[in-house]
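S.K.: okay, here's the prediction I keep looking at, along with the sequence it came from:
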Amino acid sequence: MISLGSNDFNKFQTRDELNYLRHSIDADRVLWILPAHNSKEDIREVVMEIADNFGDDVMDIPNVSADGVHPTGAGYKKIAKSF
């Protein structure tokens with residue numbers, strides 16, 4: 001599971017670093033958790049593009065809490081059940 005924090009992209013060269021990260025993973029299945037909707041939209045697009053290139057699964061954050069970023073307890077359970 002790869003989950004990029006919604007504010008992490010300000011500190012990194014996201015596309016290059018996420019590609020490097022994904023190339024280093026040897027797994028039968030990889031699930032990307034998309035950053036929250038209130039993050040920069042191009043970061044969500046980068047995540048979807050990289051996941052698509054590798055045939056990975058992508059999940060939007062379900063049941064977002066009041067902060068608009070983090071999942072609720074039910075959201076975390078939904079993420080866990082996807083595996």
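M.R.: Done, it's in.
S.K.: give me the outermost residue of this protein relative to its centroid.
M.R.: Computed with Cα atoms, centre = their mean, the residue of the chain farthest from its C-alpha average is residue 66, at 19.3 Å.
S.K.: that one in helix, strand or coil?
M.R.: With DSSP: H, G, I helix; E, B strand; the rest coil as the basis, residue 66 sits in coil.
S.K.: swap in residue 16?
M.R.: helix.
S.K.: pLDDT score for it?
M.R.: On pLDDT, residue 16 comes in at 88.
S.K.: number of residues surrounding it?
M.R.: Residue 16 has 9 neighbouring residues, counting by other Cβ atoms under 10 Å. The way it works is simple: take the backbone N, C-alpha and C, and place the C-beta from them, glycine included.
S.K.: and the residue farthest from the centre of the chain, how far is that from residue 72?
M.R.: Distance of residue 66 to residue 72, computed by Cβ to Cβ, to the nearest Å: 9 Å.
S.K.: before we move on, the earlier item: list the contacts for the residue farthest from the centre of the chain?
M.R.: By Cβ atoms under 8 Å, 6 or more residues apart in numbering, the contact list for residue 66 is empty.
S.K.: need the residues touching each of residue 66 and residue 72.
M.R.: Common neighbours of residue 66 and residue 72 (criterion: Cβ under 8 Å, 6+ apart): none identified.
S.K.: tell me where this protein has strands.
M.R.: Along the chain, counting by DSSP state E, strands occupy 2-3, 31-33, 57-59.
S.K.: since that was my last question, I'll sign off now.
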